[in-house]
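Q: need coordinates for the following:
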Amino acid sequence: QVVEDSASQGVQVIEHPDEIAKEDRSQAILVIRSHGVPESVIHTLNEEKIPFEDATCPFVKKIHKTVAEYSEKGYEIVIIGSAKHPEVQGILGWTKNGGTVVESKEDALLFKPSKEEKPICVVAQTTFNYKKFQELVEIFSKKGYDILAVNTICNATSTRQTEAESLAKDSDAMIVIGGTHSSNSRKLYEICKNQCENTFFIQTAEDLPDIPVSSFASLGITAGASTPNTIIQEVLKACQKQVSQNY
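A: Numbers count the residues shown, from 1 in each chain. Presented below is the predicted three-dimensional model:
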């Protein structure tokens, strides 16, 4: 949502530095988003002398450093997360010989290292479900592999998931606000849905008319990490208005 908002204000959104016209490269200011990028992109920016601001999340940078270090030491890298997520794609780009992405129990059960005796370094997408991360690491451990599991899930993500789960347990209904392509928002939805059957996923207050807000005795609201505060406030006001109109 933040990226879409920036684009609407005239910011050009690109996937690779090659998309910047050569005549514009010395004047352009490129900003790397919080998900980070592969190491090869950083090399390109430096070689082409394209000015850039690195807004990669510090937690993500820590993962880049970890996988680079341990792949150099001969470890096989396993990333627990969503294979198509830009953060995971960026992490893969910092490994020496690539890595394996594991997203589900089935993936973990099917996984085999390239060499049986090779040690394995396991990291996680920063917004991954912490409980699911623990479960998948446990599967690797039971297989008897020599593993080093590094919990790289962001503290804020872990806290948000724990609090959302607790709120869902005590609510008759839950509303999760986030972008349809937001990984952490989707995971919040899954966590809440497991505790509260009446869990709804919305992007903005415009989605509220389809939800019978006033029919629930208690309503919990949570939002993904990248959801703008303005949207959260709009949803809160819309919920309050809908309730007041029915009393």
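
Q: going by C-alpha atoms from here, please, whenever you check contacts or count neighbours.
A: Noted.

Q: ends of stretch 164-184, what's the gap?
A: Across stretch 164-184, the terminal residues are separated by 12 Å (C-alpha to C-alpha, to the nearest Å).

Q: ok now it, how far from the chain's centre?
A: Mean-position distance between stretch 164-184 and its chain equals 15 Å (C-alpha atoms, centre = their mean, to the nearest Å).

Q: cool, stretch 137-146 as well?
A: Distance, centroid of stretch 137-146 to centroid of chain: 25 Å (C-alpha atoms, centre = their mean).

Q: list the buried residues for that stretch?
A: Buried positions in stretch 137-146, judged by neighbour count with 16 or more other C-alpha atoms under 10 Å: 137, 140, 145.

Q: can you name the residues in contact with the strand or helix carrying residue 167?
A: Take DSSP states H and E as the rule and residue 167 turns out to sit in helix 155-169. Identification of contacts with helix 155-169 by C-alpha atoms under 8 Å, 6 or more residues apart in numbering yields 126-130, 174, 184, 188, 191-193, 195-196, 220, 222, 225.

Q: the domain parsing of the chain - what is it?
A: Domain ranges of the chain: 2-54, 58-149, 155-244, per automatic domain parsing.

Q: okay, these in a markdown table with mean pLDDT next?
A: Formatted as a markdown table, the domains of the chain follow (pLDDT from 0 to 100):
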| stretch | mean pLDDT |
| --- | --- |
| domain 2-54 | 85 |
| domain 58-149 | 94 |
| domain 155-244 | 92 |
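
Q: gap between the host helix or strand of residue 132 and the chain center?
A: Using DSSP H and E, residue 132 sits within helix 130-142. Relative to the chain's own centre, helix 130-142 is displaced by 18 Å; criterion: C-alpha atoms, centre = their mean.

Q: how big is the angle separating it from helix 155-169?
A: 110 degrees (axes from the mean of the first three to the mean of the last three C-alpha atoms, to 10 degrees).

Q: confirm for me that residue 227 is in contact with residue 177.
A: Yes. Using C-alpha atoms under 8 Å, residue 227 is in contact with residue 177, at 7.1 Å.

Q: with neighbour numbers in mind, choose between the two.
A: More neighbours surround residue 177 than the other of residue 227 and residue 177, with 28 against 19 (other C-alpha atoms under 10 Å).

Q: against residue 128, how distant is that one?
A: 17 Å.

Q: following element in sequence after the helix or strand where residue 176 lies, please.
A: Assigned by DSSP H and E, residue 176 belongs to strand 173-177. Sequence-wise, the next helix or strand downstream of strand 173-177 (DSSP H and E) is helix 183-195.

Q: touching that following helix from outside, list them.
A: When contacts are defined by C-alpha under 8 Å, 6+ apart, helix 183-195 is touched by residues 85, 127-129, 157, 161, 164-165, 168-169, 174, 176-180, 199-201, 223-225.

Q: what distance do you get for residue 153 to residue 173?
A: For residue 153, the distance to residue 173 - C-alpha to C-alpha - is 27 Å.

Q: need the three-state assignment for residue 152.
A: Under the three-state scheme (DSSP: H, G, I helix; E, B strand; the rest coil), residue 152 adopts coil.

Q: I'd say it and residue 122 touch.
A: No. Under the criterion of C-alpha under 8 Å, residue 152 makes no contact with residue 122, lying 9.3 Å away.

Q: who has more neighbours, those two?
A: Neighbour comparison, residue 152 and residue 122: the larger count goes to residue 122, with 28 against 21 (by other C-alpha under 10 Å).

Q: just to be sure, the more buried one is in a strand?
A: Yes. Counting by three-state DSSP, residue 122 is found in a strand.

Q: give me every residue that touches the residue most central in space within the chain.
A: What sits nearest the mean C-alpha location of the chain, by C-alpha atoms, centre = their mean, is residue 127, with 4.0 Å. The neighbourhood of residue 127, defined by C-alpha under 8 Å, 6+ apart, consists of 153-154, 157-158, 183-184.
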